[in-house]
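Enquirer: Sequence and predicted structure, then a few things I'm wondering about:
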Amino acid sequence: MSNETLFSKIVAKEIPADILYQDELVTAFRDITPKTPTHILIVPNKIIPTIDDVVAEDEAALGRMITVAAKLAKDEGISEDGYRLIINCKDHGRQEVYHVHMHLLGGRQLGTMVD
Ligand code: AMP
């Protein structure tokens, strides 16, 4: 595939990652540089560069990202205290990897949402 991304290579298991969940629509793995005790990335298996690129046919994968996040939060034991889900978009959103991904952050009290 010509437009591979770092995360599509993780989805395809071409590069290593600590994969916690995978199905036909999404893959979840631990962030390599965790900002919180639990820091998991949930990505669509399909390469979608940014949230600005989503189309109606992506709704199933985007919805699955939320339900998988809630499941993993329970698995991690952080659902009772709470957590944060973040999707960064493009330059102003400080998106670094251009393959849509949702951060699941928790395991401690988080700061304010925006600096
Ligand atoms: P963002 O700034 O929203 O694009 O987030 C990109 C995230 O990808 C950062 O939190 C990085 O730590 C994470 N990351 C980069 N490379 C890897 C990797 N090989 N495996 C897991 N997470 C990664």
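Expert: Nice, I can see it. Residues are numbered from 1 along each chain as shown.
Enquirer: So which residues on this structure come close to the ligand?
Expert: Within the chain, the positions adjacent to the ligand are 6, 17, 31, 32, 33, 41, 88, 94, 95, 96, 97 by C-beta under 6 Å from any ligand atom. C-betas here are computed from N, CA, C, even on glycine.
Enquirer: now, the most widely separated pair of those residues?
Expert: Greatest spacing in these, by C-beta to C-beta: 17 and 94 (21.3 Å).
Enquirer: So for those two, which residue has more residues nearby?
Expert: Neighbour count, other C-beta atoms under 10 Å: between residue 17 and residue 94, residue 17 has more, with 18 against 8.
Enquirer: quick one, what contacts the more buried one?
Expert: Residue 17 is in contact with 10, 29, 30, 32, counting by C-beta atoms under 8 Å, 6 or more residues apart in numbering.
Enquirer: how does it look with 7 Å?
Expert: Contacts for residue 17 were tallied using C-beta atoms under 7 Å, 6 or more residues apart in numbering; they are 10, 29.
Enquirer: Secondary structure element holding it?
Expert: Element membership for residue 17 (DSSP states H and E) is empty, with no helix or strand holding it.
Enquirer: quick one, phi/psi of it?
Expert: Geometry field for residue 17 lists phi and psi as phi -160, psi 160, criterion degrees, to the nearest 10.
Enquirer: same question, residue 36
Expert: For residue 36, the backbone dihedrals are phi -140, psi 160 (criterion: degrees, to the nearest 10).
Enquirer: State whether it and residue 105 are indeed in contact, as I suppose.
Expert: Yes. Counting by C-beta atoms under 7 Å, residue 36 does reach residue 105; the two are 4.6 Å apart.
Enquirer: Between those two, which has more neighbouring residues?
Expert: Regarding residue 36 and residue 105, a neighbour count based on other C-beta under 10 Å identifies residue 105 as having more, with 21 against 18.
Enquirer: wait, isn't that one in contact with residue 35?
Expert: Yes. Counting by C-beta under 7 Å, residue 105 does reach residue 35; the two are 6.4 Å apart.
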